[in-house]
Structure formats: C-alpha cells, structure tokens
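Asker: sequence first, then the predicted structure, then my questions.
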Amino acid sequence: MTTITEFLVAEHRACDDGFAAAEDAAHAGDLARCRANFQQFLAAMEHHFQKEEAMLFPAFEQATGNAMGPTRVMRLEHQQMRETLAEMSGALAGGDLENFLGQAEALLILMQQHNIKEEQMLYPMCDRFLGGAVGSVIQALRDFPAGGSP
C-alpha cells in the first residue's frame, strides 16, 4: 500500500467484516458468538479511531494549519459512533439481541456516512497535503499499538 487512502480503506473493510460477523451472529440468535465477534469488532474500531485521532489527524492539522475543518467533524463522528457502540455493548451485556440489532442499524448508517467522507475527501486530502511524509505516516499508523498511545 502506497497511500494513506489505500491503507485506511483496507482497515475500514476489515472493520466492516467484523461488524457483519457480529450482526450475522445476532440474526442467528447466537448470543455467545455475537458477543465474541462484537468484542473483536469493537477493539478494531477503537484501535482505528485512536490511530486517526493520535497520528493522522494531528499530522493533517499540522500540514494544513487547520484544526477546525474536516478532522474536527471526524472526531465528533467518532464520538457518536462510540456512544452507539456503548449502547450495543449494553444491549449485549443484558442479552438483548433485538436492541443490539436496532443499535446496529443506527451504527451502520453512521459508519457508511463517515467512511464516505474519509475515503472520498479526508484521506485523499491527507495524501495530497502530507506529500513526502505519507510513507512515515503510514508506518506510524502500522506501528500504533493496540489499546495505547504511540
């Protein structure tokens, strides 16, 4: 992968697959499998959010001199998704697959809208504005530890 766009779109697809696995288990009524798949998905999503918030967004903001533009919107949307993910976690903790699936519908809409903005606008802007630093940013994203700061 040579661009930030390619690297992070691949992460989006991996998260989408994890989400689908949790949803499939919920539709099948398999609470244990749903919980396991959701925990993996939740960890992948949070790791993705943290990488963007700790590495990509600050690099973009420094390169553009703008912290109030698209990265601000993306952070707000991450928070919305985190709130929905927390609702989903609560539903699973209570064994309520119907509520989980209702929240999953809301999350799917949020993720689709968010991913379009990142994939079609923000990531290509990052590739453009970061120029020669793209390779080092991708490496930093690859090296970002799960559940931690760089």
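Answerer: Here it is on my side, so go on. Numbers count the residues shown, from 1 in each chain.
Asker: helices along the chain, start to end?
Answerer: All helices of the chain, identified by DSSP state H, fall at 4-27, 31-51, 57-64, 70-93, 97-117, 123-130, 134-143.
Asker: can I get those helices in a markdown table including mean neighbour count and mean pLDDT?
Answerer: Any C-beta I mention is one placed from the backbone N, CA and C, and that applies to glycine too. Formatted as a markdown table, those follow (neighbours: other Cβ atoms under 10 Å; pLDDT from 0 to 100):
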| stretch | mean neighbour count | mean pLDDT |
| --- | --- | --- |
| helix 4-27 | 17 | 98 |
| helix 31-51 | 18 | 98 |
| helix 57-64 | 18 | 96 |
| helix 70-93 | 16 | 97 |
| helix 97-117 | 16 | 98 |
| helix 123-130 | 19 | 96 |
| helix 134-143 | 15 | 95 |
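Asker: most distant residue from the middle of this protein?
Answerer: Distance from the centre of the chain peaks at residue 29, with 25.7 Å (Cα atoms, centre = their mean).
Asker: which residue packs closest to that residue, ignoring adjacent ones?
Answerer: In space, residue 29 comes closest to residue 97 once its chain neighbours are excluded; the distance is 6.5 Å by Cβ to Cβ, 6 or more residues apart in numbering.
Asker: ok, now which ones touch that neighbour?
Answerer: When contacts are counted by Cβ atoms under 8 Å, 6 or more residues apart in numbering, residue 97 touches 26, 29, 31, 34, 91.
Asker: if you set the cut-off to 10 Å instead, what comes out?
Answerer: 25, 26, 27, 28, 29, 30, 31, 34, 91, 104 (Cβ atoms under 10 Å, 6 or more residues apart in numbering).
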